[in-house]
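A.B. asks: The sequence isn't on hand, but the structure is:
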Ligand SMILES: [Zn+2]
C-alpha cells in the first residue's frame, strides 16, 4: 500500500462537440426486434455522456497507442490479465494502469484520472431517430418485423468536458492527451458503423493546483488561450 500525496492536480475544462449524431445508450448489446433504443438520460431526463464511458474509451485508445510506441501493456478488462494480477509491486504497473488504475489478485489501485459526466451545454430540443434493420436470428433472415429505431442527439450538440488528473508524470500526461485526441476519431457511443459518434474535444482551460493551493498558501496556475495552446503543443497535442 502506497500512501499518496497530492503533488499536483490538473483540471482540464472544455467541450465535447458531437460532429455526427451521437447515441449513448445503456450499453446493452442485444437489440430486440421492434425496439426503440433511446439515449441514456439522467434523473432529470437530460441526455448525457457518463464519465465512465469517456474513461473507458480513452483508456482503450491509450492502450493501443502505448503498445504501438513499444510499451508493455496489460490486457483488461479480464483482471487476471491485468497488472493487478500480473505484478507484485505498484511501481511495475504498466503505464496505462499507472494512469487509469488497476484491479486484480495482488494490487488494486484507483485511477489517477477522473472524468465527470458530460452534460449538454444547451437544452437538447430535438432528437434524431433512425431506423435500423436487425437480423432475426430465429429465421436467419431480415423481414419486416426486424426493424428497430435508434435515437441520437443531433450533430452540433455540445457537452461540457471535465477531466481531473492527479500526480501524472509528463510521460503519462502526454499519453493521456494523445488518447483523448484519438477518441475524436474512434468516436463515442454506439452505432459508429452508421457514422454516429464522431466527436471533437476541445480543452479551453487547465487549472493546476497543489496541496498548498487548498490550504490557501499558493495561487492556482490557470492556463488558457495562446499559453494553453503552446503548453498542449509541448505535450504533443492540439486539442
Ligand atoms: Zn497494466
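C.D. replies: Received the coordinates, thanks. This structure is a prediction, so every number in the text was calculated from the model and none was measured.
A.B. asks: Which strand or helix spans the residue nearest the centre of the chain?
C.D. replies: Compute the mean C-alpha point of the chain, and by CA atoms, centre = their mean the closest residue is residue 54, 1.9 Å away. According to DSSP states H and E, residue 54 maps onto helix 51-68.
A.B. asks: Which positions in the protein make contact with the ion?
C.D. replies: Residues of the chain that fall close to the ion, judged by CB under 5 Å from the ion: 74, 83, 94, 97. Just so you know, the C-beta spots here come from the backbone N, C-alpha and C atoms, and that holds for glycine as well.
A.B. asks: if we go to 6 Å?
C.D. replies: Within the chain, the positions lying close to the ion (CB under 6 Å from the ion) are 73-74, 82-83, 93-94, 96-97, 102.
A.B. asks: Would you map the strands across this protein?
C.D. replies: Applying DSSP state E to the chain gives strands spanning 9-18, 36-37, 113-115, 128-133, 147-152, 158-166, 199-209, 221-224.
A.B. asks: Name every strand pairing with the fourth one and say which way it goes.
C.D. replies: By that I understand strand 128-133. Partners of strand 128-133 in the sheet, by DSSP bridges, are strand 147-152 (antiparallel).
A.B. asks: likewise the third one?
C.D. replies: The strands that strand 113-115 pairs with in its sheet are strand 158-166 (antiparallel) (by DSSP bridges).
A.B. asks: follow-up on the earlier one: from what I see, the residue nearest to the centre of the chain and residue 118 are in contact.
C.D. replies: Yes: between residue 54 and residue 118 there is a contact under CB atoms under 8 Å: 6.6 Å.
A.B. asks: Mutual contacts of the two, please.
C.D. replies: 16, 161 (CB atoms under 8 Å, 6 or more residues apart in numbering).
A.B. asks: where in this structure is pLDDT low?
C.D. replies: Within the chain, the stretches with pLDDT under 70 are 1-2, 27-31, 33, 134-146, 191-193.
A.B. asks: and the nearest residue to residue 99 once chain neighbours are set aside, what does it touch?
C.D. replies: Once flanking residues are discounted, residue 99 sits nearest to residue 172: 5.0 Å by CB to CB, 6 or more residues apart in numbering. Residues in contact with residue 172 (CB under 8 Å, 6+ apart) are 95, 98-99, 112.
A.B. asks: ChimeraX command for the buried members of those residues?
C.D. replies: In ChimeraX syntax, the buried subset of the contacts of residue 172 is picked out as below (16 or more other CB atoms under 10 Å):
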select :95,98,99,112
